[in-house]
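**Q** predicted model, plus sequence, below.
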Amino acid sequence: MLIKKIRSLFTGFKIPTLVGIGIILIGISAGVVLVMQQQTLLTQASPTQQPINITVGSIEDTSAGISWQTNSSSPGFVTYGPNGGELTALDIHDDITTTPRVDHYVKLLNLTPKTTYQFKIVSGKQVTQAQKFTTATSAFSQNKLPPIIGSVLDSGKLVKEGVVFLTIPGAIIQSAPISQLGSFTIPLTKVYKNDLSDILPLSDDTLVTLKIISGANSATATFSLSVAQTPLPAISLGNNTTLTQPSPTPIKDPDLVKYDLNDDGQINSADYSIVLQNFGKSPKNKRADITGPQGTPDGVVDKLDQEAMSQKINQKGSSL
(Lines give C-alpha, C1' and ligand atoms only; values in the text may rest on other atoms or scores of the structure.)
Protein backbone atom coordinates (compact mmCIF):
# COMPACT_ATOMS: atom_id res chain seq x y z
CA MET A 1 0.00 0.00 0.00
CA LEU A 2 2.82 2.42 0.94
CA ILE A 3 4.65 1.65 -2.28
CA LYS A 4 1.53 2.57 -4.31
CA LYS A 5 1.24 5.94 -2.54
CA ILE A 6 4.90 6.83 -3.21
CA ARG A 7 4.53 5.78 -6.83
CA SER A 8 1.38 7.93 -7.10
CA LEU A 9 3.21 10.95 -5.62
CA PHE A 10 6.02 10.81 -8.17
CA THR A 11 3.55 10.21 -10.95
CA GLY A 12 1.75 13.51 -10.03
CA PHE A 13 4.89 15.59 -10.68
CA LYS A 14 4.67 16.23 -14.39
CA ILE A 15 7.44 17.90 -16.37
CA PRO A 16 5.72 21.34 -16.61
CA THR A 17 5.31 21.43 -12.84
CA LEU A 18 8.98 20.76 -12.29
CA VAL A 19 9.92 23.46 -14.79
CA GLY A 20 7.66 25.97 -13.01
CA ILE A 21 9.24 25.17 -9.67
CA GLY A 22 12.66 25.72 -11.22
CA ILE A 23 11.63 29.11 -12.61
CA ILE A 24 10.30 30.17 -9.22
CA LEU A 25 13.54 29.16 -7.52
CA ILE A 26 15.60 31.07 -10.13
CA GLY A 27 13.37 34.15 -9.67
CA ILE A 28 13.78 34.07 -5.91
CA SER A 29 17.56 33.81 -6.29
CA ALA A 30 17.64 36.70 -8.76
CA GLY A 31 15.43 38.78 -6.47
CA VAL A 32 17.76 38.24 -3.56
CA VAL A 33 20.72 39.34 -5.70
CA LEU A 34 18.89 42.48 -6.88
CA VAL A 35 17.88 43.39 -3.35
CA MET A 36 21.46 42.98 -2.18
CA GLN A 37 22.70 45.10 -5.09
CA GLN A 38 20.10 47.80 -4.34
CA GLN A 39 21.10 47.84 -0.69
CA THR A 40 24.74 48.23 -1.71
CA LEU A 41 23.93 51.09 -4.13
CA LEU A 42 21.75 52.81 -1.52
CA THR A 43 24.53 52.56 1.04
CA GLN A 44 26.97 54.11 -1.40
CA ALA A 45 24.61 56.89 -2.60
CA SER A 46 23.03 57.88 0.70
CA PRO A 47 25.74 60.17 2.08
CA THR A 48 25.76 62.32 -1.08
CA GLN A 49 21.97 62.69 -1.05
CA GLN A 50 21.70 63.50 2.65
CA PRO A 51 20.44 67.10 3.08
CA ILE A 52 22.89 69.41 4.85
CA ASN A 53 22.83 73.10 5.82
CA ILE A 54 19.04 73.00 6.27
CA THR A 55 17.76 76.54 6.87
CA VAL A 56 14.27 77.96 7.35
CA GLY A 57 14.38 81.62 6.30
CA SER A 58 12.16 84.54 5.28
CA ILE A 59 9.49 83.43 7.75
CA GLU A 60 6.39 85.58 7.45
CA ASP A 61 2.79 85.15 8.56
CA THR A 62 1.75 83.10 5.51
CA SER A 63 5.03 81.93 3.94
CA ALA A 64 8.52 80.58 4.60
CA GLY A 65 11.55 79.43 2.60
CA ILE A 66 13.35 76.14 3.22
CA SER A 67 16.82 75.62 1.73
CA TRP A 68 19.38 72.83 1.89
CA GLN A 69 22.31 71.36 0.00
CA THR A 70 23.38 67.89 -1.09
CA ASN A 71 26.92 66.77 -1.84
CA SER A 72 25.87 65.55 -5.27
CA SER A 73 23.02 66.47 -7.60
CA SER A 74 19.85 64.98 -6.18
CA PRO A 75 16.11 65.50 -6.74
CA GLY A 76 14.30 66.81 -3.69
CA PHE A 77 11.05 68.18 -2.33
CA VAL A 78 9.36 68.95 1.00
CA THR A 79 6.35 67.42 2.71
CA TYR A 80 4.79 69.62 5.38
CA GLY A 81 1.71 70.45 7.43
CA PRO A 82 0.57 71.36 10.94
CA ASN A 83 0.50 67.65 11.76
CA GLY A 84 3.12 66.37 9.35
CA GLY A 85 3.29 65.61 5.64
CA GLU A 86 -0.20 66.50 4.48
CA LEU A 87 1.12 68.76 1.68
CA THR A 88 4.00 68.66 -0.82
CA ALA A 89 6.10 71.53 -2.22
CA LEU A 90 8.66 71.27 -5.03
CA ASP A 91 11.86 73.23 -5.51
CA ILE A 92 11.13 76.76 -6.69
CA HIS A 93 12.88 75.96 -9.99
CA ASP A 94 10.77 72.83 -10.61
CA ASP A 95 7.35 72.67 -12.20
CA ILE A 96 5.89 69.15 -12.29
CA THR A 97 8.90 66.86 -11.87
CA THR A 98 11.93 67.20 -9.60
CA THR A 99 15.30 67.99 -11.15
CA PRO A 100 18.58 66.82 -9.58
CA ARG A 101 20.63 69.73 -8.19
CA VAL A 102 23.01 70.54 -5.35
CA ASP A 103 21.42 73.75 -4.04
CA HIS A 104 17.72 73.44 -3.15
CA TYR A 105 15.12 76.07 -2.27
CA VAL A 106 11.43 75.45 -1.55
CA LYS A 107 8.94 78.26 -0.90
CA LEU A 108 5.95 77.35 1.27
CA LEU A 109 2.90 79.52 0.62
CA ASN A 110 -0.63 79.97 1.95
CA LEU A 111 0.39 79.13 5.51
CA THR A 112 -1.65 80.03 8.58
CA PRO A 113 -0.28 82.81 10.81
CA LYS A 114 1.13 81.95 14.23
CA THR A 115 1.03 78.20 13.50
CA THR A 116 3.66 75.52 14.04
CA TYR A 117 4.41 73.39 10.98
CA GLN A 118 6.29 70.11 10.70
CA PHE A 119 8.27 69.30 7.56
CA LYS A 120 10.47 66.58 6.11
CA ILE A 121 12.88 66.81 3.20
CA VAL A 122 12.78 63.99 0.66
CA SER A 123 16.16 63.90 -1.08
CA GLY A 124 16.63 61.08 -3.57
CA LYS A 125 16.09 57.97 -1.44
CA GLN A 126 16.67 59.86 1.81
CA VAL A 127 13.94 61.25 4.07
CA THR A 128 14.94 63.50 6.97
CA GLN A 129 13.42 63.43 10.40
CA ALA A 130 10.57 65.86 11.03
CA GLN A 131 11.61 69.43 11.82
CA LYS A 132 9.47 72.36 12.97
CA PHE A 133 9.04 76.10 12.48
CA THR A 134 6.35 78.59 13.51
CA THR A 135 4.88 81.27 11.28
CA ALA A 136 4.77 84.93 12.30
CA THR A 137 1.92 86.95 13.73
CA SER A 138 0.01 88.90 11.08
CA ALA A 139 1.29 92.48 10.90
CA PHE A 140 -0.12 95.51 9.12
CA SER A 141 3.02 97.66 9.06
CA GLN A 142 5.56 97.40 6.26
CA ASN A 143 8.96 98.83 5.44
CA LYS A 144 8.99 101.21 2.50
CA LEU A 145 12.33 100.09 1.15
CA PRO A 146 13.00 98.61 -2.29
CA PRO A 147 14.07 94.96 -2.53
CA ILE A 148 17.73 94.02 -2.59
CA ILE A 149 18.56 93.00 -6.16
CA GLY A 150 21.89 91.58 -7.23
CA SER A 151 23.76 89.10 -9.38
CA VAL A 152 26.48 86.52 -8.74
CA LEU A 153 29.57 85.73 -10.81
CA ASP A 154 32.00 82.83 -10.82
CA SER A 155 35.13 83.39 -12.92
CA GLY A 156 33.29 86.16 -14.73
CA LYS A 157 30.27 84.04 -15.62
CA LEU A 158 26.80 84.33 -14.12
CA VAL A 159 26.00 81.75 -11.44
CA LYS A 160 22.64 80.06 -12.09
CA GLU A 161 22.24 77.98 -8.93
CA GLY A 162 22.61 78.79 -5.27
CA VAL A 163 20.97 80.44 -2.26
CA VAL A 164 21.42 83.93 -0.82
CA PHE A 165 21.03 84.70 2.89
CA LEU A 166 20.59 88.18 4.37
CA THR A 167 21.45 88.74 8.02
CA ILE A 168 19.90 91.82 9.67
CA PRO A 169 20.51 92.47 13.39
CA GLY A 170 17.35 91.66 15.35
CA ALA A 171 15.56 90.04 12.41
CA ILE A 172 14.74 86.56 11.13
CA ILE A 173 17.26 85.54 8.49
CA GLN A 174 16.07 86.32 4.98
CA SER A 175 16.73 83.94 2.09
CA ALA A 176 16.20 83.73 -1.65
CA PRO A 177 17.29 81.47 -4.51
CA ILE A 178 19.58 82.51 -7.33
CA SER A 179 17.53 82.44 -10.50
CA GLN A 180 18.60 80.76 -13.72
CA LEU A 181 19.31 84.27 -15.02
CA GLY A 182 22.04 84.63 -12.39
CA SER A 183 20.20 87.17 -10.24
CA PHE A 184 18.44 87.24 -6.87
CA THR A 185 15.80 89.41 -5.20
CA ILE A 186 15.22 89.77 -1.45
CA PRO A 187 12.09 91.78 -0.49
CA LEU A 188 12.40 94.03 2.57
CA THR A 189 8.77 95.06 3.10
CA LYS A 190 7.98 92.26 5.59
CA VAL A 191 11.14 91.50 7.54
CA TYR A 192 10.05 90.12 10.92
CA LYS A 193 11.74 90.48 14.29
CA ASN A 194 13.48 87.45 15.79
CA ASP A 195 10.45 86.68 17.96
CA LEU A 196 8.10 86.92 14.92
CA SER A 197 5.87 89.34 16.82
CA ASP A 198 6.00 92.23 14.34
CA ILE A 199 7.82 93.80 11.41
CA LEU A 200 11.32 95.10 12.24
CA PRO A 201 11.64 98.79 11.25
CA LEU A 202 14.49 99.30 8.77
CA SER A 203 16.24 102.43 7.52
CA ASP A 204 18.86 103.38 4.98
CA ASP A 205 21.48 103.25 7.75
CA THR A 206 20.72 99.62 8.70
CA LEU A 207 23.89 97.55 8.26
CA VAL A 208 23.34 94.08 6.76
CA THR A 209 25.43 91.11 5.64
CA LEU A 210 24.74 89.10 2.52
CA LYS A 211 26.05 85.53 2.23
CA ILE A 212 25.93 83.66 -1.05
CA ILE A 213 26.31 79.88 -1.26
CA SER A 214 26.60 78.01 -4.54
CA GLY A 215 27.80 74.43 -4.29
CA ALA A 216 31.09 74.43 -2.39
CA ASN A 217 31.73 78.12 -3.14
CA SER A 218 30.58 81.17 -1.20
CA ALA A 219 30.92 84.93 -0.90
CA THR A 220 29.90 87.65 1.56
CA ALA A 221 29.12 91.33 1.20
CA THR A 222 28.48 93.85 3.97
CA PHE A 223 26.68 97.13 3.28
CA SER A 224 24.09 99.59 4.53
CA LEU A 225 20.63 99.48 2.97
CA SER A 226 21.26 102.85 1.36
CA VAL A 227 23.60 101.03 -1.03
CA ALA A 228 20.72 98.75 -2.05
CA GLN A 229 18.56 101.60 -3.35
CA THR A 230 19.77 100.49 -6.78
CA PRO A 231 20.87 96.98 -7.88
CA LEU A 232 24.07 95.89 -6.14
CA PRO A 233 27.25 95.52 -8.17
CA ALA A 234 27.87 91.92 -9.25
CA ILE A 235 29.33 89.83 -6.42
CA SER A 236 32.01 87.25 -7.28
CA LEU A 237 32.21 83.91 -5.46
CA GLY A 238 35.28 83.60 -3.27
CA ASN A 239 35.26 87.29 -2.31
CA ASN A 240 34.38 88.97 0.98
CA THR A 241 33.62 92.60 0.28
CA THR A 242 32.27 95.77 1.86
CA LEU A 243 30.02 97.73 -0.47
CA THR A 244 29.82 101.51 -0.11
CA GLN A 245 27.58 104.16 -1.57
CA PRO A 246 29.22 105.48 -4.74
CA SER A 247 30.09 109.17 -4.55
CA PRO A 248 27.82 111.25 -6.76
CA THR A 249 29.48 112.61 -9.88
CA PRO A 250 29.97 116.33 -9.30
CA ILE A 251 28.06 118.53 -11.71
CA LYS A 252 30.50 120.74 -13.53
CA ASP A 253 29.72 124.42 -13.79
CA PRO A 254 28.34 124.92 -17.33
CA ASP A 255 30.28 128.19 -17.54
CA LEU A 256 33.51 126.29 -16.93
CA VAL A 257 32.58 123.81 -19.63
CA LYS A 258 32.13 126.64 -22.12
CA TYR A 259 34.64 129.33 -21.12
CA ASP A 260 37.44 127.55 -19.21
CA LEU A 261 39.40 126.81 -22.36
CA ASN A 262 42.57 125.60 -20.60
CA ASP A 263 40.68 123.50 -17.99
CA ASP A 264 42.37 125.04 -14.96
CA GLY A 265 39.09 125.55 -13.10
CA GLN A 266 39.05 129.32 -13.68
CA ILE A 267 37.81 131.77 -16.30
CA ASN A 268 40.44 134.50 -16.69
CA SER A 269 42.90 136.21 -19.01
CA ALA A 270 44.50 132.90 -19.95
CA ASP A 271 41.25 131.81 -21.60
CA TYR A 272 40.95 135.25 -23.27
CA SER A 273 44.41 134.75 -24.79
CA ILE A 274 43.33 131.40 -26.26
CA VAL A 275 40.48 133.15 -28.04
CA LEU A 276 42.87 135.72 -29.53
CA GLN A 277 45.32 132.99 -30.59
CA ASN A 278 42.60 131.22 -32.57
CA PHE A 279 41.11 134.15 -34.48
CA GLY A 280 39.85 133.28 -37.93
CA LYS A 281 38.17 130.35 -39.65
CA SER A 282 38.89 126.71 -38.76
CA PRO A 283 40.52 127.44 -35.37
CA LYS A 284 42.95 124.89 -33.96
CA ASN A 285 41.15 125.03 -30.60
CA LYS A 286 37.52 124.64 -31.61
CA ARG A 287 36.40 125.57 -28.09
CA ALA A 288 37.56 129.14 -28.77
CA ASP A 289 34.55 129.41 -31.10
CA ILE A 290 32.24 130.40 -28.24
CA THR A 291 29.40 132.02 -30.12
CA GLY A 292 28.20 133.46 -33.43
CA PRO A 293 25.53 135.75 -34.92
CA GLN A 294 22.82 133.25 -33.93
CA GLY A 295 24.16 132.80 -30.40
CA THR A 296 25.79 129.45 -31.18
CA PRO A 297 29.26 128.52 -32.48
CA ASP A 298 29.59 129.30 -36.20
CA GLY A 299 33.01 127.87 -37.07
CA VAL A 300 34.76 131.25 -36.85
CA VAL A 301 36.59 132.84 -33.92
CA ASP A 302 36.04 136.59 -34.18
CA LYS A 303 35.07 139.71 -32.25
CA LEU A 304 31.83 138.10 -31.02
CA ASP A 305 33.81 135.36 -29.26
CA GLN A 306 36.27 137.91 -27.88
CA GLU A 307 33.43 140.01 -26.42
CA ALA A 308 31.64 136.97 -24.99
CA MET A 309 34.81 135.87 -23.18
CA SER A 310 35.46 139.42 -21.92
CA GLN A 311 31.92 139.68 -20.47
CA LYS A 312 32.17 136.32 -18.74
CA ILE A 313 35.53 137.22 -17.17
CA ASN A 314 34.03 140.41 -15.77
CA GLN A 315 31.02 138.48 -14.39
CA LYS A 316 33.37 136.12 -12.57
CA GLY A 317 35.21 139.04 -10.99
CA SER A 318 38.47 138.48 -12.83
CA SER A 319 40.38 140.96 -14.95
CA LEU A 320 42.00 140.82 -18.36
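**A** Ah, there it is.

**Q** Ser197 contacts Ser141, correct?
**A** No: using C-beta atoms under 8 Å as the test, Ser197 is too far from Ser141 to be in contact (11.7 Å). C-betas here are computed from N, CA, C, even on glycine.

**Q** and the residue nearest in space to the middle of the chain, bridged to which residues?
**A** Among the residues of the chain, the one closest to the centroid is Phe184, at 2.7 Å (C-alpha atoms, centre = their mean). Assessed by DSSP bridges, Phe184 has beta-bridge partners Gly150.

**Q** wait, it sits on Ile149?
**A** Yes: using C-beta under 8 Å, Phe184 is in contact with Ile149, at 7.4 Å.

**Q** contacts only, for the residue nearest to the centre of the chain.
**A** Neighbouring residues of Phe184 by C-beta atoms under 8 Å, 6 or more residues apart in numbering: Ile149, Gly150, Ser151, Val152, Val164, Ala176, Pro177, Ile178.

**Q** now list the buried members of the residues you listed.
**A** Neighbour-count burial within those applies to Gly150, Ser151, Val152, Val164, Ala176, Pro177, Ile178; the criterion is 16 or more other C-beta atoms under 10 Å.

**Q** need these in TSV with secondary structure and pLDDT, can you?
**A** Formatted as TSV, the buried ones among the contacts of Phe184 follow (DSSP: H, G, I helix; E, B strand; the rest coil; pLDDT from 0 to 100):
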residue	secondary structure	pLDDT
Gly150	strand	96
Ser151	strand	96
Val152	strand	96
Val164	strand	98
Ala176	strand	98
Pro177	strand	98
Ile178	coil	97
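
**Q** tell me the one of these nearest Asn278?
**A** Ser151 (49.1 Å; C-beta to C-beta).

**Q** wait, doesn't Pro113 sit right on Ala139?
**A** No: with contact defined as C-beta under 8 Å, Pro113 and Ala139 do not form a contacting pair (9.2 Å).

**Q** can you give me the helices for the stretch 151-300 of the chain?
**A** Along the stretch 151-300 of the chain, the segments classed as helices by DSSP state H, counting those that start in this stretch run 254-259, 269-277.

**Q** ranking those helices by burial, who's on top?
**A** Comparing the helices of the stretch 151-300 of the chain by mean neighbour count (mean count of other C-beta atoms under 10 Å), helix 269-277 comes out on top with a mean of 17.

**Q** related to what we said a few turns ago, ok, the buried ones among the contacts of Phe184 vs Thr79, which is closest?
**A** Pro177 (19.6 Å).

**Q** ok, now how distant is the closest one from Asp305?
**A** 62 Å (C-beta to C-beta, to the nearest Å).

**Q** what about Gly81, how many residues nearby?
**A** Using other C-beta atoms under 10 Å, the number of residues around Gly81 comes to 13.

**Q** residues contacting the closest residue to Asn110 other than its chain neighbours?
**A** Leaving aside its sequence neighbours, Asn110 sits nearest to Thr62 (C-beta to C-beta, 6 or more residues apart in numbering; 6.3 Å). Residues in contact with Thr62, defined by C-beta under 8 Å, 6+ apart, are Leu109, Asn110, Leu111, Thr112, Pro113, Thr135.

**Q** try 7 Å this time
**A** By C-beta atoms under 7 Å, 6 or more residues apart in numbering, the contact list for Thr62 reads Asn110, Leu111, Pro113, Thr135.

**Q** biggest strand in the protein, by residue count?
**A** For the chain, the strand with the greatest residue count under DSSP state E is strand 64-74.

**Q** now do it, average pLDDT.
**A** For strand 64-74, mean pLDDT rounds to 96.

**Q** and for stretch 259-267?
**A** Across stretch 259-267, pLDDT averages out at 88.

**Q** and it, what's buried?
**A** Tyr259, Asp260, Leu261, Ile267.

**Q** mind picking the two most distant members of those?
**A** Leu261 and Ile267 (8.7 Å).

**Q** of the buried ones among the contacts of Phe184, closest to Leu243?
**A** Gly150 (9.6 Å).

**Q** what does stretch 280-292 contact?
**A** 258, 261, 274-275, 278, 297-301, 304-305, 308-309.

**Q** and what of stretch 140-150?
**A** By C-beta under 7 Å, 6+ apart, the residues outside stretch 140-150 that reach it are 166, 183-191, 199, 201-202, 225, 228-229, 231-232, 235.
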